[in-house]
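J.: The sequence and its predicted three-dimensional model are supplied below.
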Amino acid sequence: MKTAFFDFDGVIVDTEPIYDLYWNEMGERYHTGIPNFAAHIKGTTLPSIIKNFFSDRPKAEQEEIIRNATEFEQQMPFPTVPGALEFIQLLKENGVKIGLVTSSDNAKLNRALRLLNLEKTFDTIVSADRITQGKPDPMCYLLAAKDLQKAPEDCLVFEDSFAGIQSGNNAGMRVIGLSTTNPQEAIQDKVYQVIPNFEKVTIEDYKQW
């Protein structure tokens, strides 16, 4: 069976509404002039956010934004997407190799995996700290496949954001889209199949994919 690669926010944990509130507030606080600022940065790394939207700001202001975001992530909760943890366990029980491929950094990720009891779950983890090009670039997914010595066509990606979906597609992998962040009609032409969450997903579904 194909190797499974999971994004984190919006796929395993339902944190996108929390991020929406935070980053929209930050967009207003730092006068980006971009309505619904959170929608423009979904699935991207913090360094990419600074580079793409705050590169013209003084260094001290950039450092303040990074510091505030890091402190926020060290306090935020991690509600899970329905069925996600059970589905991951189901794959492991059926001998499927699984990887975590996320734009989050290790500081946030280590805390989250500890709180969710997922510290020893994944066969590989690719975080923002391991890459130089964030999603939608395919670097993260190609690195995860290399870690597990798998060809891209033998990998299945679970993603929710436009940047993440494009990253998986650019890597030559089959993408299953979750409509947790964007509505089904917005992503269905970009993925192999759309699911609302993992509650009703069976091992037979996975074999079919």
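T.: That came through, no problem.

J.: Work out for me the element Leu156 sits within.
T.: Here Leu156 sits within strand 155-159, counting by DSSP states H and E.

J.: Packing partners of that strand?
T.: If you count contacts as 3 or more Cβ pairs under 8 Å, 6 or more residues apart in numbering; DSSP states H and E, strand 155-159 packs onto strand 3-6, helix 139-147, helix 162-170, strand 174-178. The way it works is simple: take the backbone N, C-alpha and C, and place the C-beta from them, glycine included.

J.: can I get these in CSV with mean pLDDT, distance to Lys42 and mean neighbour count?
T.: Output for these, formatted as CSV (pLDDT from 0 to 100; distance: least, Cβ to Cβ, whole Å; neighbours: other Cβ atoms under 10 Å):
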stretch, mean pLDDT, distance to Lys42, mean neighbour count
strand 3-6, 98, 16, 25
helix 139-147, 98, 15, 21
helix 162-170, 97, 6, 23
strand 174-178, 98, 13, 24
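
J.: between those, which one is nearest to Thr121?
T.: strand 3-6 (9.9 Å; Cβ to Cβ).

J.: Within the sheet, what are the partner strands of the closest one, with directions?
T.: strand 98-101 (parallel), strand 155-159 (parallel) (DSSP bridges).

J.: helices or strands up against the helix or strand just after it?
T.: Per DSSP H and E, strand 3-6 leads on to helix 16-29 as the next helix or strand towards the C-terminus. Counting by 3+ Cβ pairs under 8 Å, 6+ apart, the packing neighbours recorded for helix 16-29 are helix 59-73.

J.: got a list of what Met26 touches?
T.: Shown in contact with Met26 (Cβ atoms under 8 Å, 6 or more residues apart in numbering): Phe37, Ile65, Asn68, Ala69.

J.: The same query, at a cut-off of 10 Å, please.
T.: Thr32, Phe37, Ala38, Ile41, Ile49, Phe53, Phe54, Ile65, Asn68, Ala69, Phe72 (Cβ atoms under 10 Å, 6 or more residues apart in numbering).

J.: Can you tell me which of these are buried?
T.: Phe37, Ala38, Ile41, Ile49, Phe53, Phe54, Ile65, Ala69 (16 or more other Cβ atoms under 10 Å).

J.: Now the second one: closest residue in space, sequence neighbours ignored.
T.: Read that as Ala38. Once flanking residues are discounted, Ala38 sits nearest to Trp23: 3.9 Å by Cβ to Cβ, 6 or more residues apart in numbering.
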